[in-house]
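Engineer: missing the sequence, but the structure's below:
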């Protein structure tokens, strides 16, 4: 009975190690489930207050400043103010 328990524990440990190794290799190759890479500075939408990544946000420039928006609806509301 003890022998089977130890085998199961060993199999689970090996499976977990292989999973972590595969996950690390994939993340190192640029594959990630995160929509925003860690370390990216977020900016706040001036209309609704949602934080967005500048690379994925809509933008509009006025008076030499760029504003970032989460949606076209927020950008249109900002332009119509």
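Structural biologist: Cool, got the structure. These numbers were taken from a predicted model, which means no experiment stands behind them.
Engineer: for residue 47, the count of nearby residues, please.
Structural biologist: Around residue 47 there are 17 other residues, counting by other CB atoms under 10 Å. Glycine gets a C-beta too; all of them are placed from N, C-alpha and C.
Engineer: who's in contact with it?
Structural biologist: Residue 47 sits next to 69, 74-75, 77-78 when contact means CB atoms under 8 Å, 6 or more residues apart in numbering.
Engineer: which among those residues count as buried?
Structural biologist: Taking 16 or more other CB atoms under 10 Å as the criterion, what is buried in the contacts of residue 47 is 69, 74-75, 78.
Engineer: on that earlier part again, in strands, which of the contacts of residue 47 appear?
Structural biologist: Members of these lying in strands (criterion: DSSP state E): residue 69.
Engineer: show me the protein divided up by domain.
Structural biologist: Annotated domains of the chain cover 1-32, 34-81 [automatic domain parsing].
Engineer: can I get the ones you listed in a markdown table with mean pLDDT?
Structural biologist: Shown next, in a markdown table, are the domains of the chain (pLDDT from 0 to 100):
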| stretch | mean pLDDT |
| --- | --- |
| domain 1-32 | 89 |
| domain 34-81 | 88 |
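Engineer: check the offset of the helix or strand that contains residue 3 from the chain's centre.
Structural biologist: Assigned by DSSP states H and E, residue 3 belongs to helix 2-28. Helix 2-28 sits 26 Å away from the centroid of its parent chain (CA atoms, centre = their mean, to the nearest Å).
Engineer: please renumber so the chain begins at 173
Structural biologist: All set: I'll call the first residue 173, so the last point we hit is now helix 174-200.
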